[in-house]
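Q: what follows is a protein structure lacking sequence information:
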């Protein structure tokens, strides 16, 4: 983690706005309101506040900001425009420009103030539109919650600006206290560790600056809880007897994570997620409508995502999950044909170890163990070549015409598909409840029958147990395939399926999947 550059740091804006002179609005086209004022040398020497549209936007120009007289244009825009996919706009979009760009000393920031209307308690911040990046970038902002306005520093003679609400961070809510390190610390479910926050008790306006050093509270249990304070910090603004108080939270510094601040990319955010994996797809599982796609028809190795089809073919034999069977070393040896045996994900078993078919099935899907996938093939009652033939026949029968399997584990790069095909296959395969159960458990534990060895298999999909209601998933990796990931989530009566092939890093596959799923959820909830 690293600190953000100056322009991205949140801090208190203490400069008061200068009084506004009389102004006249000039109506323009139906879609846009416009305002113009000319600032002469005498006016700029005193400093001036340009205010327009019933004070909805103000530019505070203190003495020294402008070196010469200039006209100032302000527009309230109502034209179609790119907006951040993961933020909610709560103000109009305004455009300002100093007609004499050379008159502005861009080493000296000025303040833009924008009124907003919002019903949520989320963090509000002023953003400006960067036409070069075709996205919106944040400005250092102070949010005046009770007044419904935000102030930000800016260094540009021309910009389009607006206030956006960030659903990733609650800025107004409840706070309780806990005993931990007895210092000016806090636990937050929104702001990452190392962030500095100013927490204000709304009942008495007392404030305390704290550092986030822990995670919590759990929003699933306490949806109104914005933050919890170490009791030393809590006592600065309230009595411990109060227990729970209403607070506002102002970020002073936010720790960067993976090039993002509170889910917003530092280099700006556009109207769709930025996906850099080789291929990606997000569909509404109910209607099969495509919400997002990237190279959806590109044929690529799918690595261990193969195992979903392997499991589906195995279930066709109607196996008895309680039956006790023996593991054989020959199962592992099958996998050595495709990869170095020391680099293959395997369940550590000895020849002859006894376990149930259910243990093998769940472990294969949860921990993506390759030797146990071959064990399932052996126990299916089919010759291995016939089992693989049925995998291909099943895929074609479902309509996945670009998919080919040469073995059942995914270790061969010749197992190929497209994200579009894989969406078709998972829709059909996950009609089987056992697949859903085996891919959504965080972990699975069992004990071998002969040696009584305790085994724990942990799910390789880190989205399990997080903020999403996951109804299915599978991870995969090969050098030739990169990181692959499929995740299904439920939103009310709707379900989304996200698929990623060829992410260069494991963490990137999860970040991009989270973005896809959040994008889809917003599309559903905002367009009902």
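A: Yep, it's here. Given the structure is predicted, the values throughout are model-derived calculations rather than measurements.
Q: check which helices and strands the longest strand belonging to the chain sits against.
A: Criterion DSSP state E: the longest strand present in the chain is strand 158-170. For strand 158-170, the packing partners by 3 or more C-beta pairs under 8 Å, 6 or more residues apart in numbering; DSSP states H and E come out as strand 88-89, strand 93-98, strand 110-115, strand 122-130, strand 149-154, strand 245-253. Where C-beta positions appear, they are placed from N, C-alpha and C, glycine not excepted.
Q: run through the helices of the stretch 151-300 of the chain in chain order.
A: 231-237 (DSSP state H, counting those that start in this stretch).
Q: which intervals of it have sub-threshold pLDDT?
A: Applying pLDDT under 70 to the stretch 151-300 of the chain flags no residue at all.
Q: now do the strands in it.
A: 158-170, 172-178, 185-187, 196-201, 207-214, 225-230, 245-253, 260-261, 264-265, 279-284, 290-294, 300-301 (DSSP state E, counting those that start in this stretch).
Q: and stretch 147-154, how far out from the chain's middle?
A: 26 Å (C-alpha atoms, centre = their mean, to the nearest Å).
Q: ok, and what's touching it?
A: Here stretch 147-154 makes contact (C-beta atoms under 8 Å, 6 or more residues apart in numbering) with 7, 13, 109-118, 124-126, 128, 139-144, 161, 163.
Q: ok, back up a step: partners of the longest strand of the chain in the sheet?
A: strand 88-89 (antiparallel), strand 93-98 (antiparallel), strand 122-130 (antiparallel) (DSSP bridges).
Q: make CSV out of those and add distance to residue 371 and mean neighbour count.
A: Below are the strands paired with strand 158-170 laid out as CSV (distance: least, C-beta to C-beta, whole Å; neighbours: other C-beta atoms under 10 Å):
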stretch, distance to residue 371, mean neighbour count
strand 88-89, 49, 17
strand 93-98, 58, 20
strand 122-130, 48, 24
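Q: so which of those gets nearest residue 294?
A: Comparing those against residue 294 with C-beta to C-beta, the closest turns out to be strand 122-130 (22.5 Å).
Q: and stretch 248-265, how far apart are its ends?
A: End-to-end distance of stretch 248-265 (C-alpha to C-alpha, to the nearest Å): 24 Å.
Q: would a markdown table of the strands paired with strand 158-170 with mean pLDDT be doable?
A: Listed next are the strands paired with strand 158-170 as a markdown table, based on pLDDT from 0 to 100:
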| stretch | mean pLDDT |
| --- | --- |
| strand 88-89 | 96 |
| strand 93-98 | 97 |
| strand 122-130 | 96 |
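Q: any chance of those in CSV with distance to residue 343 as columns?
A: Output for the strands paired with strand 158-170, formatted as CSV (distance: least, C-beta to C-beta, whole Å):
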stretch, distance to residue 343
strand 88-89, 45
strand 93-98, 52
strand 122-130, 43
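Q: nearest to residue 37, of these?
A: strand 93-98 (11.0 Å).
Q: just the helices in the stretch 1-150 of the chain please.
A: 41-46.
Q: residues contacting the nearest residue to residue 40 once chain neighbours are set aside?
A: Nearest non-adjacent residue to residue 40, counting by C-beta to C-beta, 6 or more residues apart in numbering: residue 69, 4.7 Å away. Taking C-beta under 8 Å, 6+ apart as the criterion, residue 69 is in contact with 38-41, 43-44, 100, 103.
Q: quick one: residue 429 from residue 371, how far?
A: Applying C-beta to C-beta, to the nearest Å, the value for residue 429 to residue 371 is 22 Å.
Q: ok, the two, which is more surrounded?
A: Comparing residue 429 with residue 371 by other C-beta atoms under 10 Å, the one with more neighbours is residue 371, at 27 against 22.
Q: so what are the domain limits for this protein?
A: For the chain, automatic domain parsing gives the domain ranges 6-168, 171-265, 279-526.
Q: residue 273 is nearest to which of those domains?
A: Of all these, domain 279-526 comes closest under C-beta to C-beta, at 3.8 Å.
Q: and stretch 221-239, which residues are buried?
A: Neighbour counts using 16 or more other C-beta atoms under 10 Å place 222, 225-234, 237-238 of stretch 221-239 among the buried residues.
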